[in-house]
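K.L.:
build the 3D model from these lines:
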Amino acid sequence: MKNFNHLKLTKFISNIFLQSGSNEEESFSIADHLVDSNLVGHDSHGVIRVSKYIQWLNDGNIKLNQSIKIIKEDNSFLHIDGNFGYGQPIAKQSFNLGIKKAKKNGHCILALKNLGHIGRVGAWSEMAALNGCVSVLFVNTSGFGILMAPHGGTDRRLSANPIAIGIPIEKNDYLVLDMATSVVAEGKIMVAKNKGSKLPEGMILDGYGNPTNDPIKFYSEPVGSILPFGGHKGFGLAFMIDILSGALTGGNSSHPDNDNSHSLINNTLAIIMDTQQTVSNNYFQNDINRLTTWVKDSPKADNVSEILLPGEIEKNTKKERLINGVPLDDQTIKDIKDTAILVGIKDVDNDFIYTLLN
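P.N.:
The predicted structure follows:
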(Lines give C-alpha, C1' and ligand atoms only; values in the text may rest on other atoms or scores of the structure.)
Protein backbone atom coordinates (compact mmCIF):
# COMPACT_ATOMS: atom_id res chain seq x y z
CA MET A 1 0.00 0.00 0.00
CA LYS A 2 1.15 3.53 -0.82
CA ASN A 3 -0.41 6.76 0.43
CA PHE A 4 -1.17 9.43 -2.16
CA ASN A 5 -1.70 13.16 -1.75
CA HIS A 6 -5.38 13.71 -2.52
CA LEU A 7 -4.84 16.94 -4.46
CA LYS A 8 -2.09 15.48 -6.67
CA LEU A 9 -4.14 12.33 -7.17
CA THR A 10 -7.22 14.34 -8.18
CA LYS A 11 -5.19 16.30 -10.72
CA PHE A 12 -3.74 13.11 -12.21
CA ILE A 13 -7.11 11.33 -12.42
CA SER A 14 -8.70 14.45 -13.90
CA ASN A 15 -6.01 14.48 -16.59
CA ILE A 16 -6.82 10.87 -17.52
CA PHE A 17 -10.43 11.83 -18.23
CA LEU A 18 -9.34 15.02 -19.99
CA GLN A 19 -7.06 13.03 -22.29
CA SER A 20 -9.89 10.60 -23.01
CA GLY A 21 -12.07 13.42 -24.35
CA SER A 22 -13.96 14.85 -21.39
CA ASN A 23 -13.90 18.62 -21.03
CA GLU A 24 -12.22 20.20 -18.00
CA GLU A 25 -15.43 20.53 -15.99
CA GLU A 26 -16.46 16.94 -16.56
CA SER A 27 -12.94 15.61 -15.93
CA PHE A 28 -12.65 17.40 -12.60
CA SER A 29 -16.18 16.46 -11.53
CA ILE A 30 -15.45 12.75 -11.99
CA ALA A 31 -11.96 12.85 -10.47
CA ASP A 32 -13.01 14.95 -7.47
CA HIS A 33 -15.89 12.60 -6.70
CA LEU A 34 -13.75 9.44 -7.01
CA VAL A 35 -10.92 10.76 -4.84
CA ASP A 36 -13.38 12.05 -2.25
CA SER A 37 -14.84 8.54 -2.08
CA ASN A 38 -11.36 7.28 -1.21
CA LEU A 39 -10.96 10.05 1.35
CA VAL A 40 -14.08 8.98 3.24
CA GLY A 41 -13.02 5.33 3.13
CA HIS A 42 -15.32 4.11 0.35
CA ASP A 43 -12.41 2.76 -1.69
CA SER A 44 -14.85 0.57 -3.61
CA HIS A 45 -16.25 3.72 -5.24
CA GLY A 46 -12.96 5.57 -5.56
CA VAL A 47 -10.18 5.63 -8.12
CA ILE A 48 -10.35 1.85 -8.44
CA ARG A 49 -13.20 2.68 -10.86
CA VAL A 50 -11.06 4.69 -13.33
CA SER A 51 -10.07 1.79 -15.58
CA LYS A 52 -13.67 0.56 -15.77
CA TYR A 53 -14.97 4.01 -16.68
CA ILE A 54 -12.49 4.35 -19.54
CA GLN A 55 -13.26 0.81 -20.68
CA TRP A 56 -16.99 1.63 -20.82
CA LEU A 57 -16.18 4.80 -22.75
CA ASN A 58 -14.02 2.94 -25.27
CA ASP A 59 -16.73 0.31 -25.67
CA GLY A 60 -19.16 3.06 -26.64
CA ASN A 61 -21.32 2.67 -23.55
CA ILE A 62 -20.72 6.16 -22.12
CA LYS A 63 -21.16 9.47 -23.94
CA LEU A 64 -18.79 12.36 -23.29
CA ASN A 65 -19.72 15.85 -22.06
CA GLN A 66 -23.46 15.33 -21.80
CA SER A 67 -26.02 17.74 -20.38
CA ILE A 68 -29.27 16.71 -18.78
CA LYS A 69 -32.46 16.47 -20.78
CA ILE A 70 -35.53 17.55 -18.81
CA ILE A 71 -38.43 15.29 -19.77
CA LYS A 72 -40.99 16.83 -17.43
CA GLU A 73 -40.85 19.63 -14.87
CA ASP A 74 -43.12 21.51 -12.50
CA ASN A 75 -42.60 23.46 -9.27
CA SER A 76 -41.66 20.40 -7.21
CA PHE A 77 -40.89 17.68 -9.73
CA LEU A 78 -38.11 16.92 -12.21
CA HIS A 79 -37.90 13.98 -14.58
CA ILE A 80 -34.45 13.89 -16.19
CA ASP A 81 -32.74 11.77 -18.82
CA GLY A 82 -28.96 11.61 -18.38
CA ASN A 83 -28.34 10.68 -22.02
CA PHE A 84 -25.87 7.96 -20.93
CA GLY A 85 -23.36 10.56 -19.81
CA TYR A 86 -20.92 10.12 -16.93
CA GLY A 87 -22.95 9.79 -13.75
CA GLN A 88 -21.16 12.28 -11.50
CA PRO A 89 -21.54 15.42 -13.67
CA ILE A 90 -25.11 14.46 -14.66
CA ALA A 91 -26.04 13.89 -11.00
CA LYS A 92 -24.44 17.19 -10.00
CA GLN A 93 -26.44 19.10 -12.62
CA SER A 94 -29.64 17.32 -11.58
CA PHE A 95 -29.25 17.72 -7.82
CA ASN A 96 -28.39 21.40 -8.21
CA LEU A 97 -31.77 21.88 -9.89
CA GLY A 98 -33.60 19.64 -7.42
CA ILE A 99 -32.15 21.42 -4.38
CA LYS A 100 -33.01 24.80 -5.89
CA LYS A 101 -36.64 23.72 -6.31
CA ALA A 102 -36.76 22.30 -2.79
CA LYS A 103 -35.45 25.55 -1.30
CA LYS A 104 -38.06 27.53 -3.22
CA ASN A 105 -41.09 25.26 -2.97
CA GLY A 106 -40.40 23.13 0.09
CA HIS A 107 -39.64 19.85 -1.65
CA CYS A 108 -38.69 18.24 -4.95
CA ILE A 109 -39.15 14.76 -6.34
CA LEU A 110 -36.22 14.03 -8.66
CA ALA A 111 -36.48 11.11 -11.08
CA LEU A 112 -33.29 10.36 -13.05
CA LYS A 113 -32.74 7.73 -15.71
CA ASN A 114 -29.93 6.68 -18.03
CA LEU A 115 -26.87 8.11 -16.34
CA GLY A 116 -23.52 6.42 -16.00
CA HIS A 117 -22.27 5.12 -12.67
CA ILE A 118 -23.43 7.71 -10.15
CA GLY A 119 -20.57 6.91 -7.76
CA ARG A 120 -20.88 7.09 -3.99
CA VAL A 121 -24.59 7.70 -3.45
CA GLY A 122 -24.07 9.35 -0.07
CA ALA A 123 -22.19 12.22 -1.72
CA TRP A 124 -25.46 13.49 -3.20
CA SER A 125 -27.20 13.33 0.18
CA GLU A 126 -24.26 15.27 1.62
CA MET A 127 -24.73 17.87 -1.12
CA ALA A 128 -28.40 18.27 -0.22
CA ALA A 129 -27.70 18.40 3.52
CA LEU A 130 -25.09 21.13 3.12
CA ASN A 131 -27.87 23.13 1.47
CA GLY A 132 -30.23 22.61 4.41
CA CYS A 133 -32.23 19.77 2.83
CA VAL A 134 -33.18 16.30 3.97
CA SER A 135 -32.90 13.74 1.18
CA VAL A 136 -33.77 10.12 0.51
CA LEU A 137 -32.22 8.43 -2.54
CA PHE A 138 -32.98 5.10 -4.16
CA VAL A 139 -30.66 3.79 -6.91
CA ASN A 140 -30.63 0.77 -9.21
CA THR A 141 -28.96 -0.38 -12.41
CA SER A 142 -30.97 -1.41 -15.43
CA GLY A 143 -29.41 -4.79 -16.03
CA PHE A 144 -25.64 -4.61 -16.42
CA GLY A 145 -25.10 -4.31 -12.67
CA ILE A 146 -27.14 -7.34 -11.62
CA LEU A 147 -25.17 -8.80 -8.72
CA MET A 148 -27.44 -9.92 -5.89
CA ALA A 149 -29.28 -13.17 -5.34
CA PRO A 150 -32.83 -12.94 -4.00
CA HIS A 151 -33.44 -14.35 -0.54
CA GLY A 152 -33.60 -18.10 -1.07
CA GLY A 153 -32.05 -17.88 -4.56
CA THR A 154 -28.59 -18.87 -5.77
CA ASP A 155 -27.74 -16.59 -8.69
CA ARG A 156 -27.75 -12.90 -9.68
CA ARG A 157 -31.20 -11.33 -10.13
CA LEU A 158 -31.04 -7.82 -8.64
CA SER A 159 -28.69 -4.85 -8.49
CA ALA A 160 -27.08 -3.90 -5.17
CA ASN A 161 -29.75 -1.16 -5.04
CA PRO A 162 -28.32 1.31 -2.52
CA ILE A 163 -30.26 3.77 -0.40
CA ALA A 164 -28.94 7.02 1.05
CA ILE A 165 -30.54 9.34 3.59
CA GLY A 166 -29.04 12.72 4.42
CA ILE A 167 -29.86 15.01 7.34
CA PRO A 168 -28.48 18.55 7.83
CA ILE A 169 -27.27 19.29 11.36
CA GLU A 170 -25.68 22.21 13.16
CA LYS A 171 -22.40 23.88 12.18
CA ASN A 172 -22.92 23.20 8.46
CA ASP A 173 -22.57 19.48 9.10
CA TYR A 174 -24.64 16.41 8.25
CA LEU A 175 -25.58 12.85 9.08
CA VAL A 176 -25.66 10.46 6.10
CA LEU A 177 -26.69 6.83 5.87
CA ASP A 178 -25.30 5.29 2.67
CA MET A 179 -25.72 1.56 2.23
CA ALA A 180 -26.24 -1.11 -0.37
CA THR A 181 -29.10 -3.53 0.17
CA SER A 182 -26.64 -6.31 -0.57
CA VAL A 183 -24.59 -7.40 2.42
CA VAL A 184 -21.50 -5.93 0.72
CA ALA A 185 -20.98 -3.59 -2.23
CA GLU A 186 -19.44 -5.24 -5.31
CA GLY A 187 -16.63 -2.68 -5.30
CA LYS A 188 -15.54 -3.92 -1.87
CA ILE A 189 -15.21 -7.44 -3.32
CA MET A 190 -13.00 -5.93 -6.04
CA VAL A 191 -10.89 -4.21 -3.38
CA ALA A 192 -10.45 -7.52 -1.53
CA LYS A 193 -9.50 -9.25 -4.80
CA ASN A 194 -6.89 -6.60 -5.59
CA LYS A 195 -5.44 -6.91 -2.09
CA GLY A 196 -5.42 -10.71 -2.25
CA SER A 197 -7.55 -10.98 0.88
CA LYS A 198 -10.62 -13.02 1.82
CA LEU A 199 -14.07 -11.73 2.69
CA PRO A 200 -15.98 -12.44 5.90
CA GLU A 201 -18.24 -15.47 5.74
CA GLY A 202 -21.87 -15.08 4.75
CA MET A 203 -21.47 -12.43 2.06
CA ILE A 204 -21.15 -14.12 -1.33
CA LEU A 205 -21.94 -17.27 -3.26
CA ASP A 206 -19.82 -18.83 -6.00
CA GLY A 207 -21.22 -19.45 -9.47
CA TYR A 208 -22.70 -22.77 -8.36
CA GLY A 209 -24.66 -21.23 -5.48
CA ASN A 210 -22.26 -22.37 -2.76
CA PRO A 211 -21.18 -20.04 0.08
CA THR A 212 -17.59 -18.80 -0.29
CA ASN A 213 -15.34 -16.06 1.07
CA ASP A 214 -13.00 -16.05 -1.94
CA PRO A 215 -13.45 -12.96 -4.17
CA ILE A 216 -11.71 -14.76 -7.06
CA LYS A 217 -14.52 -17.34 -7.12
CA PHE A 218 -17.04 -14.49 -7.23
CA TYR A 219 -15.49 -13.18 -10.46
CA SER A 220 -14.74 -16.60 -12.02
CA GLU A 221 -17.00 -18.21 -14.61
CA PRO A 222 -19.73 -18.95 -13.81
CA VAL A 223 -19.89 -15.71 -11.83
CA GLY A 224 -20.98 -15.65 -8.22
CA SER A 225 -23.58 -13.51 -6.49
CA ILE A 226 -23.90 -11.33 -3.39
CA LEU A 227 -26.40 -12.05 -0.63
CA PRO A 228 -28.89 -9.42 0.55
CA PHE A 229 -28.29 -7.96 4.00
CA GLY A 230 -30.64 -9.18 6.70
CA GLY A 231 -32.01 -12.04 4.64
CA HIS A 232 -35.62 -11.48 3.55
CA LYS A 233 -35.67 -7.91 4.90
CA GLY A 234 -32.78 -6.69 2.77
CA PHE A 235 -34.17 -8.55 -0.24
CA GLY A 236 -37.58 -6.95 0.25
CA LEU A 237 -36.08 -3.47 0.45
CA ALA A 238 -33.91 -4.13 -2.63
CA PHE A 239 -36.91 -5.32 -4.63
CA MET A 240 -38.91 -2.19 -3.80
CA ILE A 241 -35.93 0.09 -4.55
CA ASP A 242 -35.63 -1.56 -7.97
CA ILE A 243 -39.23 -0.58 -8.71
CA LEU A 244 -38.95 2.97 -7.34
CA SER A 245 -35.66 3.82 -9.04
CA GLY A 246 -36.09 1.69 -12.16
CA ALA A 247 -39.72 1.26 -13.17
CA LEU A 248 -40.95 4.60 -11.78
CA THR A 249 -38.22 6.67 -13.50
CA GLY A 250 -38.58 4.89 -16.83
CA GLY A 251 -35.01 3.65 -16.64
CA ASN A 252 -36.05 -0.01 -16.20
CA SER A 253 -35.77 -2.34 -13.24
CA SER A 254 -33.04 -4.98 -13.17
CA HIS A 255 -33.24 -7.32 -16.15
CA PRO A 256 -30.60 -8.53 -18.61
CA ASP A 257 -32.98 -8.12 -21.58
CA ASN A 258 -33.40 -4.35 -21.13
CA ASP A 259 -32.29 -2.24 -24.09
CA ASN A 260 -30.09 -0.21 -21.72
CA SER A 261 -28.45 -3.18 -19.99
CA HIS A 262 -25.31 -2.92 -22.14
CA SER A 263 -23.39 -0.91 -19.53
CA LEU A 264 -23.58 0.10 -15.89
CA ILE A 265 -26.41 2.59 -16.14
CA ASN A 266 -27.89 4.01 -12.93
CA ASN A 267 -31.42 5.24 -12.33
CA THR A 268 -32.33 7.27 -9.26
CA LEU A 269 -35.40 8.45 -7.41
CA ALA A 270 -34.66 11.21 -4.90
CA ILE A 271 -36.90 13.01 -2.43
CA ILE A 272 -35.44 16.36 -1.37
CA MET A 273 -37.06 18.46 1.35
CA ASP A 274 -36.12 21.83 2.83
CA THR A 275 -36.32 21.31 6.59
CA GLN A 276 -37.38 24.91 7.28
CA GLN A 277 -40.49 24.47 5.15
CA THR A 278 -41.91 21.91 7.60
CA VAL A 279 -40.68 22.78 11.10
CA SER A 280 -38.48 25.51 12.51
CA ASN A 281 -34.76 24.90 12.21
CA ASN A 282 -34.43 25.50 15.97
CA TYR A 283 -36.90 22.71 16.78
CA PHE A 284 -35.38 20.35 14.20
CA GLN A 285 -31.81 20.74 15.44
CA ASN A 286 -32.76 20.61 19.14
CA ASP A 287 -34.66 17.37 18.60
CA ILE A 288 -31.74 15.83 16.68
CA ASN A 289 -29.33 16.91 19.44
CA ARG A 290 -31.53 15.32 22.10
CA LEU A 291 -31.78 12.08 20.14
CA THR A 292 -28.01 12.07 19.51
CA THR A 293 -27.22 12.52 23.21
CA TRP A 294 -29.74 9.87 24.20
CA VAL A 295 -28.31 7.30 21.77
CA LYS A 296 -24.62 8.04 22.39
CA ASP A 297 -25.08 7.85 26.16
CA SER A 298 -25.96 4.16 25.97
CA PRO A 299 -23.56 2.06 28.08
CA LYS A 300 -20.78 0.85 25.75
CA ALA A 301 -20.24 -2.78 24.90
CA ASP A 302 -16.81 -4.30 25.49
CA ASN A 303 -14.09 -2.85 23.26
CA VAL A 304 -16.37 0.00 22.08
CA SER A 305 -15.03 3.49 22.77
CA GLU A 306 -17.80 5.47 21.09
CA ILE A 307 -21.21 4.90 19.54
CA LEU A 308 -20.97 6.32 16.04
CA LEU A 309 -23.87 7.81 14.11
CA PRO A 310 -24.43 7.35 10.36
CA GLY A 311 -21.66 9.10 8.44
CA GLU A 312 -19.32 9.63 11.40
CA ILE A 313 -16.95 6.84 10.34
CA GLU A 314 -16.61 8.51 6.94
CA LYS A 315 -15.93 11.93 8.44
CA ASN A 316 -13.32 10.50 10.81
CA THR A 317 -11.65 8.63 7.96
CA LYS A 318 -11.57 11.77 5.83
CA LYS A 319 -9.82 13.74 8.58
CA GLU A 320 -7.16 11.03 8.84
CA ARG A 321 -6.63 10.63 5.09
CA LEU A 322 -6.44 14.36 4.44
CA ILE A 323 -3.38 14.28 6.71
CA ASN A 324 -1.84 10.90 5.89
CA GLY A 325 -2.94 10.46 2.28
CA VAL A 326 -5.13 8.09 0.28
CA PRO A 327 -3.94 4.45 0.53
CA LEU A 328 -3.95 2.50 -2.75
CA ASP A 329 -2.92 -1.11 -3.30
CA ASP A 330 -0.40 -2.09 -5.98
CA GLN A 331 -3.02 -3.55 -8.35
CA THR A 332 -5.11 -0.37 -8.30
CA ILE A 333 -1.98 1.73 -8.93
CA LYS A 334 -1.04 -0.52 -11.87
CA ASP A 335 -4.56 -0.30 -13.33
CA ILE A 336 -4.50 3.50 -13.13
CA LYS A 337 -1.01 3.66 -14.71
CA ASP A 338 -2.10 1.36 -17.54
CA THR A 339 -5.22 3.45 -18.13
CA ALA A 340 -3.20 6.67 -18.20
CA ILE A 341 -0.91 5.19 -20.85
CA LEU A 342 -3.95 3.91 -22.77
CA VAL A 343 -5.39 7.44 -23.11
CA GLY A 344 -2.05 8.85 -24.26
CA ILE A 345 -0.37 10.20 -21.13
CA LYS A 346 3.38 9.72 -21.44
CA ASP A 347 6.11 9.05 -18.87
CA VAL A 348 3.80 7.39 -16.35
CA ASP A 349 6.57 5.40 -14.69
CA ASN A 350 7.35 4.65 -11.06
CA ASP A 351 9.28 7.92 -10.71
CA PHE A 352 6.15 9.82 -11.73
CA ILE A 353 3.97 7.83 -9.32
CA TYR A 354 6.33 8.72 -6.48
CA THR A 355 5.66 12.42 -7.15
CA LEU A 356 2.00 11.81 -6.25
CA LEU A 357 2.72 10.29 -2.86
CA ASN A 358 1.79 12.09 0.31
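K.L.:
residue 332 versus the closest residue to residue 20 other than its chain neighbours, what's the distance?
P.N.:
Counting by CB to CB, 6 or more residues apart in numbering, residue 20 lies nearest to residue 343, which is 4.5 Å off, once chain neighbours are set aside. C-beta: built from backbone N, CA, C; applies to glycine. Using CB to CB, to the nearest Å, residue 343 is found at 17 Å from residue 332.
K.L.:
between the two, which one's more packed in?
P.N.:
The residue with more neighbours, out of residue 343 and residue 332 and counting by other CB atoms under 10 Å, is residue 332; that gives 24 against 16.
K.L.:
what's the helix or strand where residue 137 lies in contact with?
P.N.:
Secondary-structure assignment from DSSP states H and E places residue 137 in strand 133-141. In this structure, residues lying in contact with strand 133-141 by CB atoms under 8 Å, 6 or more residues apart in numbering are 99, 102-103, 118, 121, 124-125, 128-129, 159, 161-168, 241-242, 244-246, 251, 253-254, 264-275.
K.L.:
likewise for stretch 59-75?
P.N.:
Counting by CB under 8 Å, 6+ apart, residues outside stretch 59-75 touching it are 20-23, 26, 53, 56-57, 78-86, 89-90, 93-94, 97, 101, 104-105, 116, 250, 262-263.
K.L.:
domain assignment for this structure?
P.N.:
1-59+325-358, 68-183+227-321 (automatic domain parsing).
K.L.:
narrow the contacts of strand 133-141 to those that are buried.
P.N.:
Among these, those classed as buried by 16 or more other CB atoms under 10 Å are 99, 102-103, 118, 121, 124-125, 128-129, 159, 161-168, 241-242, 244-246, 251, 253-254, 264-275.
K.L.:
contacts only, for the spatially most central residue of the chain.
P.N.:
The chain has residue 120 as the residue nearest its centroid, 1.9 Å off, counting by CA atoms, centre = their mean. If you count contacts by CB under 8 Å, 6+ apart, residue 120 has them with 33, 36, 37, 40, 42, 45, 178.
K.L.:
do that again at 6 Å, thanks
P.N.:
If you count contacts by CB atoms under 6 Å, 6 or more residues apart in numbering, residue 120 has them with 37, 42, 45.
K.L.:
buried ones in stretch 64-79?
P.N.:
By 16+ other CB under 10 Å, the buried positions in stretch 64-79 come out as 66, 68, 76, 78, 79.
K.L.:
ok now that stretch, how far from the chain's centre?
P.N.:
21 Å (CA atoms, centre = their mean, to the nearest Å).
K.L.:
going forward, begin numbering at 4 instead of 1
P.N.:
In the new numbering, first residue 4, that becomes stretch 67-82.
K.L.:
that's a helix at the residue nearest to the centre of the chain, yeah?
P.N.:
No: under the criterion used here (DSSP: H, G, I helix; E, B strand; the rest coil), residue 123 is coil, not part of a helix.
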